[in-house]
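[1] Provide a 3D model corresponding to the input given below.
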Amino acid sequence: MTQTIDLVEGTPLIKPSSTDHQLYDDVVGACRTVFDPEIPVNIFDLGLIYTIEIDDENAVEIIMTLTAPGCPVAGEMPGWLADAIEPLAGVKCVNVAMTFDPPWGMEMMSDEARLELGFM
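    Reported below is the predicted structural model:
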């Protein structure tokens, strides 16, 4: 995922992920098992997962968004994501936080998602 930069402050708007952590790929795989019920693409490839942070004790912090603040599954999707990640071997605990800053945009989708949805 590309990093969005605040042009005024020069700091990332999206906190970087722990891509070098040994559990990162497994957590991404679990994220890819969760789908937005209105869009036939997983939430990771849709670009709804902004940050996957994994600390030294294997606690996983996720910052995610939705395609729109009024999404009908807004209250359920964080739980679906936590339920997908918690069973992974080595994961201590999972916390999923929701944000709408920056707002989601179609440019956040992976090439795979764009292809699946016919945008490529």
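[2] quick one: buried residues of the helix or strand of the chain with the lowest mean pLDDT?
    Lowest on mean pLDDT, DSSP states H and E among the helices and strands of the chain sits helix 111-116, with a mean of 89. Neighbour-count burial for helix 111-116 flags 113, 116 (criterion: 16 or more other Cβ atoms under 10 Å). (Glycine included, C-beta is placed from N, CA and C.)
[3] So what's the gap between that helix and the chain middle?
    16 Å (Cα atoms, centre = their mean, to the nearest Å).
[4] Check stretch 20-38 too.
    Here stretch 20-38 is found 8 Å from its chain centre; the criterion is Cα atoms, centre = their mean.
[5] Also stretch 35-45?
    Centroid separation for stretch 35-45 versus its chain: 11 Å, with Cα atoms, centre = their mean.
[6] could you pull out the helices for this protein?
    Under the criterion DSSP state H, helices of the chain are mapped to 24-31, 77-85, 111-116.
[7] quick one, what contacts the residue nearest the centre of the chain?
    In the chain, the centroid-proximal residue (Cα atoms, centre = their mean) is residue 49; its distance is 1.2 Å. For residue 49, the contact set (Cβ atoms under 8 Å, 6 or more residues apart in numbering) comprises 1, 31, 43, 62, 63, 64.
[8] Of those residues, which belong to strands?
    Judged by DSSP state E, the contacts of residue 49 include 62, 63, 64 as members of strands.
[9] any low-confidence regions in the chain?
    The chain contains residues with pLDDT under 70 at 1-13.
[10] Mind doing that once more with 50?
    1-8 (pLDDT under 50).
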